[in-house]
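S.K.: Need coordinates for the following:
(chains A and B)
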Protein chains: 2
Amino acid sequence: MHISKKNLLDTHQRIKPYIHNTPVLSSGLIDQIAGAQLYFKCENFQKMGAFKMRGAINAILQLSDEQKKRGVATHSSGNFAQALALSAKLQAIQAYIVMPENAPEVKKKAVKGYGGQVIECEANLEARETTLNKVVAETGATFLHPYNDYQVIQGQGTAAMELIEEHDDLDYIIAPVGGGGLLSGTALAACHFSPKTKVIAGEPLGADDAWQSLEKGELIPQANPQTIADGLLTSLGDKTFSIIRDYVEKIIRVEEDEIVSAMRLIWERMKIIVEPSSAVALAALLKEKDKFKGKKIGIILSGGNVDLGNLPF
Amino acid sequence: MHISKKNLLDTHQRIKPYIHNTPVLSSGLIDQIAGAQLYFKCENFQKMGAFKMRGAINAILQLSDEQKKRGVATHSSGNFAQALALSAKLQAIQAYIVMPENAPEVKKKAVKGYGGQVIECEANLEARETTLNKVVAETGATFLHPYNDYQVIQGQGTAAMELIEEHDDLDYIIAPVGGGGLLSGTALAACHFSPKTKVIAGEPLGADDAWQSLEKGELIPQANPQTIADGLLTSLGDKTFSIIRDYVEKIIRVEEDEIVSAMRLIWERMKIIVEPSSAVALAALLKEKDKFKGKKIGIILSGGNVDLGNLPF
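M.R.: Here you go, the predicted structure:
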């Protein structure tokens, strides 16, 4: 195993001063609809509005002083960008964020608000990587990958650690999967701290590279992902893939309308704001209700950064 | 004084099994904007989504068995309707709810969902009262007023009691004012449990009968209220007026755009869903920022029942 129990415990201690131990909420009505007991880990209430804060601050705290001086750089369509900008600000270092030009305006603004420098590029993986390489060459900044990085994965795993601390008898934990940082961290946390808890992922059908990769047994990158869950457009990396392959029971794919109605259910019944990517986990559960009947299930609500001017309702 | 400390303590004990002790949340960013420390009492997380549950269940629990048999009736444009329907359901009695035909569809549906019988009428006070009298005459149900009733006022006061239990050093508590049930209950709770805490109200300029009434020193009903804060369209009653006159320091009036931007601030920064009426309290604080600079302030977020298909963003 790549990440030990001690790695995770050390990570949690290291990042605790910089993150919120977010609340775990329940909803009687959603339990009734699901026929199960659900415990929602509310990372939408995390600093900057998403779990990504955990991995970003952990990676930055591991840098040498020399590296910190030259700053950090990444490419991200959204939440990791904000997370890295805020984490860098907390450590008084510079963050360079390469963002696709079509990223939500609210997310670009937030990065700048945290003092990050936004470098726009075309909306494809090649342009992202070229631009990022240029930034790194010019500034000497350390590139931090949004998810395919063990420090980032460990950080993301602390959300499930906290959930398991509060509820040590979960039958399942369901998380959304995009690049796989949250899912692989969650799977390792469950494996180390609650081995009887199975980990399952929800994934949009229009961006189902993780499902495809597990089916084929090899990494299948997504060519042209299409989903409202804009946090899940990325493809697995080699590190996240190998953890997910070994420790995740199953990936459940959901349709766009299932994502929107799960999101609406959370908004209307729990009175909390979650982004579409967050709703994918609940949508997955509702899609295969029979499997989860009568079980205790942790759901990781990954974030709450939505553009209120552009809602799907 | 109409309502004693013991009344409030007894009320809280009586209703505790039926309500949530809702969380008190803070936001570093909103504190920064306000230049003060704000503690938001989240009644949007209350059962059925608003503080009205407190007063409704308290009033129902005080009925005789004979009265319970014949049910309860009220007229309400929204949250009290749902609160009474749900409270009645919990006591296995019938609720008859007279609602204006232009009330939000989502609220009518919710009343029916709780087993309440909806009787529609024209959207004016006269039609409401005529229809209600007819229902009461036909069914023998007990009329419960949405706010001008001491049992209801006491129930609503328990939200501030819980807030004061958690934060006993507040300089101010700000609540929105419509009919005045929440505001008068809040003022009495502060007076009994934290006498140094001043109570202030926020009120929409387009429905400012409470402000007018305090100015003139007599009850001035609102003729044609116009505001997005649909929970605040009602006018004070004689009971709520006399408490507010004696125990509320000030009413701050806010414009419609101030309500919407306070609402947006809460949604975006706190990731919670509040209805426009709830945002009026924060809007009032932001309008007179200088008064509140450096103070500790409780804000009562009154409810979270919005029609997601009809948002002001």
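S.K.: how about stretch A:132-139: buried residues?
M.R.: Buried positions in stretch A:132-139, judged by neighbour count with 16 or more other Cβ atoms under 10 Å in any protein chain shown: A:Leu132, A:Val135, A:Val136. Just so you know, the C-beta spots here come from the backbone N, C-alpha and C atoms, and that holds for glycine as well.
S.K.: Show only the entries of those found in helices.
M.R.: Residues of these located in helices (DSSP state H): A:Leu132, A:Val135, A:Val136.
S.K.: how much space is there between the last one and chain B?
M.R.: Yep, that's A:Val136 we're talking about. 31 Å (Cβ to the nearest Cβ, to the nearest Å).
S.K.: Of the ones in helices among the buried residues of stretch A:132-139, just say which sits nearest to B:Ala85.
M.R.: Checking these against B:Ala85 with Cβ to Cβ, the nearest one is A:Leu132 at 56.4 Å.
S.K.: Stretch A:176-195: which residues count as buried?
M.R.: Across stretch A:176-195, burial judged by 16+ other Cβ under 10 Å covers A:176-194.
S.K.: Considering only the residues you listed, which also neighbour chain B?
M.R.: Residues of those in contact with chain B (Cβ under 8 Å from any Cβ of the partner chain): none.
S.K.: Check which helices and strands the one helix or strand in chain A whose mean pLDDT sits lowest sits against.
M.R.: Lowest by mean pLDDT, DSSP states H and E among the helices and strands of chain A is helix A:105-113, with a mean of 86. Packing partners of helix A:105-113 (3 or more Cβ pairs under 8 Å, 6 or more residues apart in numbering or on different chains; DSSP states H and E): helix A:79-90, strand A:95-100, strand A:117-121.
S.K.: quick one: average pLDDT of the last one?
M.R.: In this model, strand A:117-121 carries a mean pLDDT of 96.
S.K.: Now stretch A:70-85: buried residues?
M.R.: For stretch A:70-85, burial by neighbour count (16+ other Cβ under 10 Å) applies to A:71-85.
S.K.: Kindly apply the preceding question to stretch A:109-121 instead.
M.R.: Buried, per 16+ other Cβ under 10 Å, within stretch A:109-121: A:Ala110, A:Val111, A:Tyr114, A:Gly116, A:Gln117, A:Val118, A:Cys121.
S.K.: one step back: CA atoms of the least confident helix or strand of chain A as CSV?
M.R.: Extracted C-alpha coordinates of helix A:105-113, given in CSV (Å, rounded to 0.1, in the frame of the first residue of the first chain):
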residue,chain,number,x,y,z
GLU,A,105,-16.4,33.3,-13.7
VAL,A,106,-17.1,32.9,-10.0
LYS,A,107,-14.2,30.5,-9.6
LYS,A,108,-11.7,32.7,-11.4
LYS,A,109,-12.8,35.6,-9.2
ALA,A,110,-12.4,33.6,-6.1
VAL,A,111,-8.8,32.6,-7.0
LYS,A,112,-7.9,36.2,-7.5
GLY,A,113,-9.7,37.1,-4.3
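S.K.: got the angle between that helix and helix A:79-90?
M.R.: Orientation check (axes from the mean of the first three to the mean of the last three Cα atoms, to 10 degrees): helix A:105-113 against helix A:79-90 gives 20 degrees.
S.K.: ok, residues contacting helix A:105-113?
M.R.: With Cβ atoms under 8 Å, 6 or more residues apart in numbering or on different chains as the test, helix A:105-113 has contacts from A:48, A:77-79, A:81-82, A:85, A:95, A:97, A:99, A:118, A:305-307.
S.K.: From one end of stretch A:33-44 to the other, what's the distance?
M.R.: By Cα to Cα, to the nearest Å, the extent of stretch A:33-44 from end to end equals 22 Å.
S.K.: How about stretch A:9-27?
M.R.: End-to-end span of stretch A:9-27 (Cα to Cα): 30 Å.
S.K.: would you list the buried residues of stretch A:132-139 in a markdown table and tack on pLDDT?
M.R.: Shown next, in a markdown table, are the buried residues of stretch A:132-139 (pLDDT from 0 to 100):
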| residue | pLDDT |
| --- | --- |
| A:Leu132 | 96 |
| A:Val135 | 97 |
| A:Val136 | 97 |
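S.K.: Heading C-terminal from the strand or helix carrying A:Gly157, find the next helix or strand.
M.R.: Take DSSP states H and E as the rule and A:Gly157 turns out to sit in helix A:150-166. From helix A:150-166 onward toward the C-terminus, using DSSP H and E, the following helix or strand is strand A:172-176.
S.K.: Can you report how many residues neighbour A:Gln32?
M.R.: Using other Cβ atoms under 10 Å in any protein chain shown, A:Gln32 has 9 other residues around it.
S.K.: Break chain A into its domains for me.
M.R.: What automatic domain parsing lists as the domains of chain A is A:5-47+A:153-301, A:53-143.
S.K.: In terms of mean pLDDT, which of those ranks lowest?
M.R.: Least confidently modelled of those is domain A:53-143, at a mean of 93 by mean pLDDT.
S.K.: Chain A against chain B: which residues are in contact?
M.R.: Residues of chain A lying near chain B (Cβ under 8 Å from any Cβ): A:23, A:44-45, A:49, A:264, A:267-268, A:271-274, A:304, A:308-309, A:311, A:313.
S.K.: Buried ones among those residues?
M.R.: The neighbour-count test (16+ other Cβ under 10 Å) marks A:Asn44, A:Phe45, A:Gly49, A:Arg264, A:Trp267, A:Glu268, A:Lys271, A:Ile272, A:Ile273, A:Val274, A:Gly304, A:Leu311 as buried among these.
S.K.: any chance of those residues in a markdown table, with secondary structure too?
M.R.: What follows is those, written out as a markdown table (DSSP: H, G, I helix; E, B strand; the rest coil):
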| residue | secondary structure |
| --- | --- |
| A:Asn44 | helix |
| A:Phe45 | helix |
| A:Gly49 | helix |
| A:Arg264 | helix |
| A:Trp267 | helix |
| A:Glu268 | helix |
| A:Lys271 | coil |
| A:Ile272 | strand |
| A:Ile273 | coil |
| A:Val274 | coil |
| A:Gly304 | coil |
| A:Leu311 | coil |
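S.K.: quick check, nearest of these to B:Ile164?
M.R.: B:Ile164 lies nearest to A:Lys271 out of those, by Cβ to Cβ, at 22.9 Å.
S.K.: Now the closest one. Nearest residue, chain neighbours left out?
M.R.: Spatial nearest neighbour of A:Lys271, chain neighbours left out: B:Gly304 (3.8 Å); criterion: Cβ to Cβ, 6 or more residues apart in numbering or on different chains.
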